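Asker: Okay, here's the prediction I keep looking at, along with the sequence it came from:
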Amino acid sequence: MKDLHCIGCGGKLQNEDKDKPFYTPKSLEENTSLYCMRCFRMRNYGEVMPSHVGKDDYISMIGTIPKDSTLAKVIDIFDIEGSILPQITTIAQSRDLIIIANKRDLLPKSAKDSKIKHRLNKILADYGLNPKSIHLISAMKNQGVDTVLEAFEKENRDIYIVGAANTGKSTLINHMISATAARQADPITTFFAPGTTQAFIEIPFGEHTIYDTPGLIKQNHFFNLLDPETIKALQPKKEIKPKSYQLEANQTIFIGGLARMDFITGLPATFVFYVSQNVTLHRTKLINADVFFEKHQGTTLTPALKEAPSFKIHQFPLKREHKSDVVIPGIGHFTIEGSGVVRLYLPEGVTPYHREALIG
Ligand SMILES: Nc1nc2c(ncn2[C@@H]2O[C@H](COP(=O)(O)OP(=O)(O)OP(=O)(O)O)[C@@H](O)[C@H]2O)c(=O)[nH]1
Ligand SMILES: [Mg+2]
């Protein structure tokens with residue numbers, strides 16, 4: 001009998017051992033659309049289930065993508081640098097590449113798409129990526145999905161949707177399915193935690209095929225340190241309302257109980273934070289910051305890590321003539337206009353990025 005795959009995650013179904021991956025209690029008759037137990041629990045109960053795709057599995061899987069196909073790489077606009085994976089950059093060198101920058105709905109509507117795309121192009125070039133086209137979309141809101149479909153049609157060959165975990169690949173494909181065929185709504189499982197799709201999922205596309213693929217779990221990212229509830233809380237659900245602070249040197253902003261930013265030297269400057277509304281931002285004097293954190297981590301300062309983190313310090317010089325962003329993967333970013341020096345305290349294992357401002 002032909003192998004049957006779960007229509008939600010692509011895993012190879014089995015009905016022999018319920019403790020092994022991709023179990024279904026149903027009989028594996030051919031041509032049926034079945035979900036595995038893992039997808040069933042995620043879809044119906046919102047349960048967080050472990051991924052069965054490790055880093056090595058992922059690399060060997062994407063290594064099988066044929067050279068005569070097009071890569072459509074999905075990037076999370078809320079964590080651009082974190083979602084540019086070196087593993088995909090490598091395979092993109094010998095394949096045609098389309099970039100899909102997703103989650104546009106989270107950034108202010110007032111920001112100009114042309115400007116965001118221009119900045120994005122520069123960032124991608126810095127990472128050695130030279131795409132045929134860039135699409136700034138919201139898969140969730142079904143905005144811009146039509147332009148992606150048009151670009152795919154022009155390719156006239158198979159398309160592999162690749163990218164880091166949780167960037168919205170499956171959400172995008174679900175919208176494409178509903179645009180092209182009368183099928184069940186949102187057949188592919190999507191989820192707030194990374195590591196949902198488990199194998200290639202084939203979607204017929206005219207004479208060709210669009211493939212959904214698993215995402216690689218990002219390294220150096222806050223989500224690797226947090227429980228599912230906190231991961232959920234950190235993901236903004238709608239347009240972020242930026243929060244502005246006019247800071248003087250020797251002031252501190254706590255970013256929940258997760259991170260701390262000290263403005264060390266410089267003339268008074270404006271700091272604009274783009275983070276989920278569930279993250280408390282709190283200003284103190286630098287001199288009081290240590291004691292304040294000890295006292296209020298997890299109470300005033302939420303969300304927080306289960307145990308007080310051992311912070312690593314990252315220092316950034318600011319230049320008045322360049323508006324810049326400091327990106328904290330998993331939390332968001334803050335934009336600084338001013339000169340001086342900023343110190344960022346992050347738990348061990350999270351790497352920040354400093355870049356030219358994306359907006360404004
Ligand atoms: N705000 C916003 N959230 C989105 C958008 N697209 C997807 N999401 C959310 O991002 C999370 C991950 O979406 P998925 O489609 O499962 O992501 P994926 O890239 O397939 O993830 P893996 O299968 O783990 O690689 C879900 O909570 C989605 O609802 C978007 O355009 N805007
Ligand atoms: Mg997926």
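Answerer: Sure, I can see it. Ligands and ions are numbered 1, 2, ... in the order given.
Asker: Tell me the residues of the stretch 51-200 of the chain that contact ligand 1?
Answerer: When proximity is defined as Cβ under 6 Å from any ligand atom, the stretch 51-200 of the chain approaches ligand 1 at 102-103, 105-106, 138-140, 165-171, 190-192, 194-197. Quick note: C-beta positions are derived from backbone N, CA and C, even for glycine.
Asker: Just the ones of those residues in helices?
Answerer: Judged by DSSP state H, these include Lys169, Ser170, Thr171 as members of helices.
Asker: residues in contact with the residue in the stretch 151-300 of the chain that ligand 1 sits nearest to?
Answerer: In the stretch 151-300 of the chain, the residue that lies nearest ligand 1 is Gly215 (2.4 Å; Cβ to the nearest ligand atom). Contact analysis of Gly215 by Cβ atoms under 8 Å, 6 or more residues apart in numbering lists Gly163, Ala164, Ala165, Asn166, Thr167, Lys169, Pro194, Gly195, Thr196, Thr197.
Asker: what's the residue nearest to Asp158 when sequence neighbours are not counted in contact with, if anything?
Answerer: Spatially, and ignoring its direct neighbours in sequence, Asp158 is nearest to Ser69 (4.2 Å; Cβ to Cβ, 6 or more residues apart in numbering). With contact taken as Cβ under 8 Å, 6+ apart, Ser69 is in contact with Arg95, Arg157, Asp158, Ile159, Tyr160.
Asker: and ligand 2, which of these contact it?
Answerer: Residues of the contacts of Ser69 in contact with ligand 2 (Cβ under 5 Å from the ion): none.
Asker: The longest helix belonging to the chain: what's the following helix or strand?
Answerer: Using DSSP H to define each element, the chain has its longest helix at helix 113-126. Using DSSP states H and E, the next helix or strand after helix 113-126 towards the C-terminus is strand 133-136.
Asker: What residues of the next helix or strand after that following strand count as buried?
Answerer: Downstream of strand 133-136, the first helix or strand assigned by DSSP H and E is helix 145-155. Neighbour counts using 16 or more other Cβ atoms under 10 Å place Val145, Val148, Leu149, Ala151, Phe152, Glu155 of helix 145-155 among the buried residues.
Asker: on that earlier part again, got a list of contacts for the longest helix of the chain?
Answerer: By Cβ under 8 Å, 6+ apart, helix 113-126 touches 75, 77, 80-81, 84, 99, 101, 104, 107, 130-131, 134, 136, 355-359.
Asker: Please identify the buried residues of that helix?
Answerer: Within helix 113-126, the residues that count as buried by 16+ other Cβ under 10 Å are Ile116, Lys117, Arg119, Leu120, Ile123, Leu124.
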